[in-house]
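Q: The following comprises the amino acid sequence and a computationally predicted model.
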Amino acid sequence: MSDVFDSVFGQPHVRDYLRASVRSGRVSHAYLFTGPAGSNKTTAAYALASAILCKEGGCGTCETCRRIERRKHPDVRFYAPEGAGGYLVEQVREIVADTSLAPIQADRKVYILDRVDLLGVQAANAFLKTLEEPPADVTLILLGRTREAVLPTIVSRCQVVPFRHIPASEAAGILVQNTGATLEQAAIAIQCCNGSITKAAALLKSRDRMAFRARVLEVLSALQVADDLDVLGYAAELLEKAKMPLDAVRKVQEEALAENADFLASSAVRQIEARNKRELSARSLELVGQLAAIVRSWLRDVLMVASGTPELVVNVDYREAIARAAAHADAPRVVAALEAAQEMKDAIAYNVSPETCIDVMLFEIREALYGSYRPRGAAI
């Protein structure tokens, strides 16, 4: 019989362990999920939250499970670092204070904290007592890249669940089995989503996101003949298109809040509004991060051709443009362009203006691949 854990692709041991914990009633008060980006830690965290809050242990079909799947349940809270270097002490204190409040709709609350490897000593100290003895109706799920990167005082208070790295070829195969996509389509989606099978499946289902990917690759293909004004225009356009899905998210948030506002205390409404604001901020960073991933996937293919291995190209629908770029740049130049894309992603995480970051990235990629300024070419 299917359940919410079926969505945790590529992690059979994790699925089995979490299912057994829920069925036996041995759910820990605090978990630490460790594994690389794309290993489905976040999906597993929400699946566990569904299993904890659902009356049927995570059936996947009830209103509670559907709300959690859509990230709309008021008693499942997701947090990410709000500071440039990680979690702020004030942010952690707010989380701790929130754990003492009663659930809004369910009998329990689940807190999911992303990137706890960015939880510094001071912020961690503000969290330790709650992590060791949270309220009886609270479960904490912490997500980190590696066990070693998380403070020992955090690790020692959690049930550690390791997630394995899923190779891109295996991830693409899983995606084919679960979406009906071709292997080529699956490989493209995996590259565009930093290896995340769940995000890649969502990308393949979205015409808008696939169209966005196509436009990003068109812009990259046009950089050879783009002047400075072109580049600035491309950056503004890509940022606007990257953020378009946020309008739909905002609309859903407003509708959900309007439906429940009459039944909620003013403090609960403020909690939901604050959570919605954090979600929009996190989604914005995620969408710009996907832009960086699409750019890196194209540059990776240019590097493959420049290195004499064109059979390894993933974006096969842009093979000709990739070959043209590779004809102008050797491997060191392409590596420099890849570094520019990574620097853009890092700068976004440090709250630098997204449009400025995209401007700089496109200029640096143009310089790395083609040298200095090029004459104005045909519009695309």
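A: In hand now; what should we look at? Numbering: from 1, shown residues only.
Q: and Thr146, how many neighbours?
A: 11 (other CB atoms under 10 Å). In short, each C-beta sits where N, CA and C put it, glycine included.
Q: For it, which non-adjacent residue is closest in space?
A: Spatial nearest neighbour of Thr146, excluding adjacent residues (CB to CB, 6 or more residues apart in numbering): Thr34 at 5.8 Å.
Q: What of Leu32?
A: Cys158 (3.8 Å).
Q: need the contact list for that neighbour.
A: Residues in contact with Cys158 (CB atoms under 8 Å, 6 or more residues apart in numbering) are Ser28, Ala30, Tyr31, Leu32, Leu131, Leu140, Leu142.
Q: Just the residues you listed: which are in strands?
A: Those of the contacts of Cys158 mapping onto strands are Ala30, Tyr31, Leu32, Leu140, Leu142, per DSSP state E.
Q: Which members of these are classed as buried?
A: Neighbour-count burial (16 or more other CB atoms under 10 Å) is assigned, among the ones in strands among the contacts of Cys158, to Ala30, Tyr31, Leu32, Leu140, Leu142.
Q: In TSV, list those residues along with distance to Val252 and pLDDT.
A: TSV is the format used below for those (distance: CB to CB, whole Å; pLDDT from 0 to 100):
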residue	distance to Val252	pLDDT
Ala30	30	97
Tyr31	28	98
Leu32	31	98
Leu140	26	98
Leu142	27	98
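Q: So what's the residue count around the nearest residue to Thr139 once chain neighbours are set aside?
A: In this structure, Thr139 finds its nearest non-sequential neighbour in Val110, 4.9 Å apart by CB to CB, 6+ apart. Counted by other CB under 10 Å, the residues lying close to Val110 total 25.
Q: Make 884 the first number, not 1, from now on.
A: Done: numbering now begins at 884, and the last item shifts to Val993.
Q: next helix or strand past the host helix or strand of Val993?
A: Using DSSP states H and E, Val993 sits within strand 992-996. Per DSSP H and E, strand 992-996 leads on to helix 1004-1008 as the next helix or strand towards the C-terminus.
Q: Which positions in that next one come out as buried?
A: For helix 1004-1008, by 16+ other CB under 10 Å, it's Ala1006, Ala1007.
Q: C-alpha coordinates for it, CSV please?
A: Extracted as CSV, the C-alpha positions of helix 1004-1008 are listed here (Å, rounded to 0.1, in the frame of the first residue of the first chain):
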residue,chain,number,x,y,z
VAL,A,1004,28.0,28.2,18.4
GLN,A,1005,26.0,31.1,19.7
ALA,A,1006,22.9,30.3,17.8
ALA,A,1007,23.2,26.6,18.7
ASN,A,1008,23.5,27.5,22.4
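Q: before we move on, the earlier item: list just the nearest of the buried ones among the ones in strands among the contacts of Cys1041 to Pro895.
A: Tyr914 (17.8 Å; CB to CB).
Q: got the contact list for the closest one?
A: Ala928, Leu931, Thr1022, Leu1023, Ile1024, Leu1025, Cys1041, Gln1042, Val1043, Val1044.
Q: Any chance of CSV for the residues you listed, columns distance to Ile1231?
A: Listed next are the contacts of Tyr914 as CSV, based on distance: CB to CB, whole Å:
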residue, distance to Ile1231
Ala928, 23
Leu931, 29
Thr1022, 31
Leu1023, 27
Ile1024, 25
Leu1025, 23
Cys1041, 29
Gln1042, 33
Val1043, 30
Val1044, 29
